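1. turn this into a structure:
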Amino acid sequence: MKDKVLILNQDFSAIAVCTIPKAFLLVYLEKAELVAKVNNSFLHTVSQSYPVPSVIRLQRYVRIPFYGIALTRQNVLRRDNFSCQYCGTSKNLTLDHLTPRSRGGATNWLNLVTACMRCNTRKGDRTPEEAGLKLVRKPIKPSLKTFLQLQLDTSNQEWGTYLGIEK
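-> Below is the predicted model:
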């Protein structure tokens with residue numbers, strides 16, 4: 001049971017992802033309702049079978065203060081799809097400051113990208129333009145919706161409706 005379940009607030013806005021057992025427990029305790037289920041998949045007890053949830057909605061509105069996505073190495077790698085933003089490889093990844101720290105570059109979402117060791121060494125203490133490197137994708141500051149979309153896989157296509165993804 002490694003699949004994930006999308007949790008919606010009472011107003012159908014996506015707020016989190018949880019495990020199937022946690023989602024089932026929320027539905028069973030009537031703290032959430034089942035919105036979408038996994039086809040042909042059931043949780044069995046001694047006397048009953050329950051559908052495996054894919055999307056659930058909380059019964060009560062939960063006010064969630066949003067502080068932003070934490071700036072961590074793992075989150076930068078996830079934002080950049082675990083690939084070098086200069087050459088596209090997924091091996092030997094590091095983080096690179098577009099404007100080097102020695103030149104006053106900040107450590108923030110818009111100045112950090114994922115780079116392989118080879119490209120990072122080639123760039124050195126220069127900007128990508130000075131080193132003759134071109135970015136595959138310009139860095140952005142991700143939102144919660146962006147990170148939930150990254151967790152979308154082929155088995156969870158019904159999530160697209162709630163995350164604003166066209167099928």
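2. let's verify L26: helix, strand, or coil?
-> helix (DSSP: H, G, I helix; E, B strand; the rest coil).
3. actually, P53.
-> Of the three states, P53 takes strand under three-state DSSP.
4. what sits against it?
-> Going by Cβ atoms under 8 Å, 6 or more residues apart in numbering, P53 touches 5, 20, 23-24, 27, 34, 36-38. To be clear about C-beta, it is placed using only N, CA and C from the backbone, and glycine gets the same treatment.
5. got JSON lines for those residues, with pLDDT and secondary structure too?
-> Formatted as JSON lines, these follow (pLDDT from 0 to 100; DSSP: H, G, I helix; E, B strand; the rest coil):
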{"residue": "V5", "pLDDT": "90", "secondary structure": "strand"}
{"residue": "I20", "pLDDT": "92", "secondary structure": "helix"}
{"residue": "A23", "pLDDT": "95", "secondary structure": "helix"}
{"residue": "F24", "pLDDT": "94", "secondary structure": "helix"}
{"residue": "V27", "pLDDT": "95", "secondary structure": "helix"}
{"residue": "L34", "pLDDT": "95", "secondary structure": "strand"}
{"residue": "A36", "pLDDT": "91", "secondary structure": "strand"}
{"residue": "K37", "pLDDT": "90", "secondary structure": "strand"}
{"residue": "V38", "pLDDT": "86", "secondary structure": "strand"}
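6. can you say which of those residues are buried?
-> Buried subset of the contacts of P53 (neighbour count, 16 or more other Cβ atoms under 10 Å): 5, 20, 23-24, 27, 34, 36-38.
7. mind putting those residues into JSON lines with distance to T127?
-> Formatted as JSON lines, the entries for the buried ones among the contacts of P53 read as follows, by distance: Cβ to Cβ, whole Å:
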{"residue": "V5", "distance to T127": "43"}
{"residue": "I20", "distance to T127": "46"}
{"residue": "A23", "distance to T127": "46"}
{"residue": "F24", "distance to T127": "51"}
{"residue": "V27", "distance to T127": "52"}
{"residue": "L34", "distance to T127": "51"}
{"residue": "A36", "distance to T127": "46"}
{"residue": "K37", "distance to T127": "50"}
{"residue": "V38", "distance to T127": "48"}
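8. any idea which of those is closest to K134?
-> Of all those, V5 has the smallest distance to K134: 39.4 Å, by Cβ to Cβ.
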